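[1] pasting the sequence and the predicted model now:
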Amino acid sequence: MSVKFTCHKADICVVGGGLAGMCAAISAARYGRSVVLVHDRPMFGGNASSEVRMWPMGAHGKSRRETGLFEEIILENMHRNPTRSYPIWDSVLFEAVKEQAGLESILNCSVYDAETEDGRIRSVCGWQTTTYRHHKIEADIFIDCSGDSILAELSGAEYRHGREAREEFGEAAAPAAADRKTMGNSCLLQVRETPNKIEFTPPKWARILPDETELSTRPHMPDQFRDNNFWWLELGGTKDTIEDAEEIRDELLALAFGVWDHIKNCGDHGADNWELDFAGFLPGKRESRRYVGDHILTQSDVQSGGKFEDIIAYGGWRIDDHPPAGFDHRGEPTTYYDTPSPFGIPYRCLYSRNVENLMFAGRNISVTHVAMAASRVMATCAMLGQAAGTAAAYAKEQRISPREVTGRIGEVQRRLMDDDCWLPGLRRKVSEACARATLEADTPDAENLRNGADRPVDNEGDNGCRVPLGGEIRYTLVGPAYVDRVRIVFDSDLDRETLKGGIQEICDCPTVCNRPLNMESYTFPSTMVRGFELAVDGEVIFKTEDNCQRLVKIPVGRVASTVILRPLTTYGDSNAHIFSFDF
């Protein structure tokens, strides 16, 4: 029987719709490329979606929060989802993809084949479980954000699996001998408090944990539920997290229900009124295949701060290396190694060494096992996705290969910074017309608005300015000149805690895992400008009373002599705090 395909053609095909794949696809589409995003699940978000429910964590430290597309999505969720519910979060992710012009998405579709020729991928094929259709996607550039590097074996791309020997890269945190072991998978639990006592009867296949012996280093008391999403329910690192995935899932479910049985029925844990609200039947995966690019990021790269000329993203999570045995490891559930925050990640880690038109972003980039333990967290992966999508769009625009972009990396860096992606060590340049214009404002720090720094940076001060509500910031151009658009960066409080009296760890998250009784709603950053207007030559061309975004780009498209920004309201602060206003 012949197979019939639904055929698609695009400039760029992204495989995998987690946060990395979403940001890669959206970024490429916003730069005018036609994009097809194929994802094997019914919703976007990957490990951050309601199917898995892992928190998207990122860089530690003051003003280190990831911005760009990731912050755009997070702020939209904060604006619409004050209780941090998963259904609304899923809808925010769904909308981010579905409403993006130039981006076609194919959900519930698993890629199973690739056609290659002369060291390039020509097309990939997938099977859609809801429509029983085969899909074929032809593209010029492919970006694998699947996490498992599905295109590696299909295309013959070089990849690694497991832990490198200590001597290969001189990594002190690596084992003495190389092996195939990885970090494991996790099936998460979510629980909620009720007004009444709730009984729990475990399934007969649950793994019974009669005492505290196996839980002595795992937080599992109700006073720890608020900032504990049971991430330590982990197994499978001693097996193959891809080939043995079904077996690992079954073991994890038995463990998860056994842990909840222990909390409810073994000893006094003070959990009588708590009930199991969610059990993840889709494991979240930390590690599997990793591609090999022109550079392999190592422990020394990370711990020395990643000072690369071709920096396109940064990390700031500690090296967080879980033992392969996971829950069955009797010691601490993870080992931390200090890293600077931020540490740079180079573009050369984002494209294949031997397949000409293959790129990748997420936990599967070109890193060692040890370095991946720091770069794998989802906020970092989102930034890597935006960088890969921006670079792929530029490569297609210039008709060059992803590798050839390295010789023109400055333009990709410029575009990323223009899109509010901080690249440590670099500074965004404003236009010559903006630099020459006369700037007047109701603030003594007006020059910060065009200094090319969109957040506080170490030893550089605030880099923003505070403007009275109803005040003005005015540019007078040197002679009338064409203004294409205006770019504004407001303060979304990169050090925010959004829960009244909240805990920092969970306040950074777009969703809540465990819900105590009568939990308060979250607030929106009081520093954000809510209402403002933009005037050109005395005419108001844009006005809003419901802004919820940090980065705002407003098209102008006309010759102008003056450009004026008037902040009108905030979400609580008495002044508007603005980092950038330029054109």
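    Thanks, I have the structure now.

[2] tell me the helix or strand right after the worst-scoring helix or strand of the chain on mean pLDDT.
    For the chain, the helix or strand with the lowest mean confidence is helix 504-507, at a mean of 49 (criterion: mean pLDDT, DSSP states H and E). Counting by DSSP states H and E, the element after helix 504-507 in chain order, helix or strand, is strand 529-536.

[3] in the stretch 351-500 of the chain, which ranges drop under the pLDDT threshold?
    Counting by pLDDT under 70, the stretch 351-500 of the chain shows low-confidence ranges at 498-500.

[4] how about the helices in it?
    369-375, 378-398, 409-418, 432-436 (DSSP state H, counting those that start in this stretch).

[5] okay, buried residues for the first one please.
    Looking back up the chat, that one is helix 369-375. Of the residues in helix 369-375, those buried by neighbour count under the rule 16 or more other C-beta atoms under 10 Å are 369-375. (Glycine included, C-beta is placed from N, CA and C.)

[6] which one in this protein is furthest away from the centre?
    Most distant from the centre of the chain: residue 479, at 42.9 Å, with distances by C-alpha atoms, centre = their mean.

[7] mind listing what that one touches?
    residue 561 (C-beta atoms under 8 Å, 6 or more residues apart in numbering).

[8] likewise for residue 475?
    Residue 475 touches 434, 437-439, 562-564, 583, counting by C-beta under 8 Å, 6+ apart.

[9] next, format the helices of the stretch 351-500 of the chain as CSV and append distance to residue 98.
    What follows is these, written out as CSV (distance: least, C-beta to C-beta, whole Å):
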stretch, distance to residue 98
helix 369-375, 29
helix 378-398, 17
helix 409-418, 24
helix 432-436, 35
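
[10] how long is stretch 139-149 end to end?
    Using C-alpha to C-alpha, to the nearest Å, one end of stretch 139-149 lies 18 Å from the other.

[11] just grab the bridge partners of the closest residue in space to residue 568 that isn't next to it in sequence for me.
    Nearest residue to residue 568 in three dimensions, chain neighbours excluded: residue 531, at 3.8 Å (C-beta to C-beta, 6 or more residues apart in numbering). Per DSSP bridges, the residues bridged to residue 531 are residue 569.

[12] buried among the contacts of residue 475? Make that a PyMOL selection.
    One line in PyMOL is enough to select the buried members of those, burial here meaning 16+ other C-beta under 10 Å:
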select buried, resi 434+437+439+562+563+564+583
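
[13] in strands, which of the contacts of residue 475 fall?
    Among the contacts of residue 475, the members falling in strands (DSSP state E) are 438-439, 562-564.

[14] now those in TSV, with distance to residue 243?
    Conversion of these to TSV gives the following (distance: C-beta to C-beta, whole Å):
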residue	distance to residue 243
438	66
439	61
562	65
563	59
564	62
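
[15] closest to residue 399 among those?
    Comparing the ones in strands among the contacts of residue 475 against residue 399 with C-beta to C-beta picks out residue 563 as the nearest, at 35.4 Å.

[16] quick check: bridge partners of the closest one?
    Residue 563 forms beta bridges with residue 475, residue 536, as assigned by DSSP bridges.

[17] ok, it touching residue 542?
    No. The pair residue 563 / residue 542 is not scored as a contact, 11.1 Å apart, by C-beta atoms under 8 Å.

[18] between these two, which contacts overlap?
    In contact with both residue 563 and residue 542: residue 534, using C-beta under 8 Å, 6+ apart.

[19] how long is stretch 355-371 end to end?
    Length of stretch 355-371, first residue to last, C-alpha to C-alpha: 23 Å.

[20] if you count neighbours, what's buried in it?
    Of the residues in stretch 355-371, 355, 357-371 count as buried by neighbour count, 16+ other C-beta under 10 Å.

[21] quick check: the farthest pair among those?
    357 and 370 (29.2 Å).

[22] doesn't residue 559 lie inside a helix?
    No. Counting by DSSP: H, G, I helix; E, B strand; the rest coil, residue 559 is not part of a helix but strand.

[23] what is it paired to in the beta sheet?
    For residue 559, the residues forming beta bridges with it (DSSP bridges) are residue 482.

[24] can you name the residues that contact it?
    Counting by C-beta under 8 Å, 6+ apart, residue 559 touches 480-483.

[25] okay, the residues you listed in CSV with distance to residue 194 and neighbour count next?
    Converted to CSV, the contacts of residue 559 look like this (distance: C-beta to C-beta, whole Å; neighbours: other C-beta atoms under 10 Å):
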residue, distance to residue 194, neighbour count
480, 67, 12
481, 64, 16
482, 62, 11
483, 58, 21
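
[26] which of the residues you listed lies closest to residue 285?
    Residue 285 lies nearest to residue 483 out of those, by C-beta to C-beta, at 47.6 Å.

[27] ranges for the strands of the stretch 51-200 of the chain?
    Counting by DSSP state E, counting those that start in this stretch, the stretch 51-200 of the chain has strands at residues 103-106, 109-117, 120-128, 133-144, 159-161, 185-186, 189-193.
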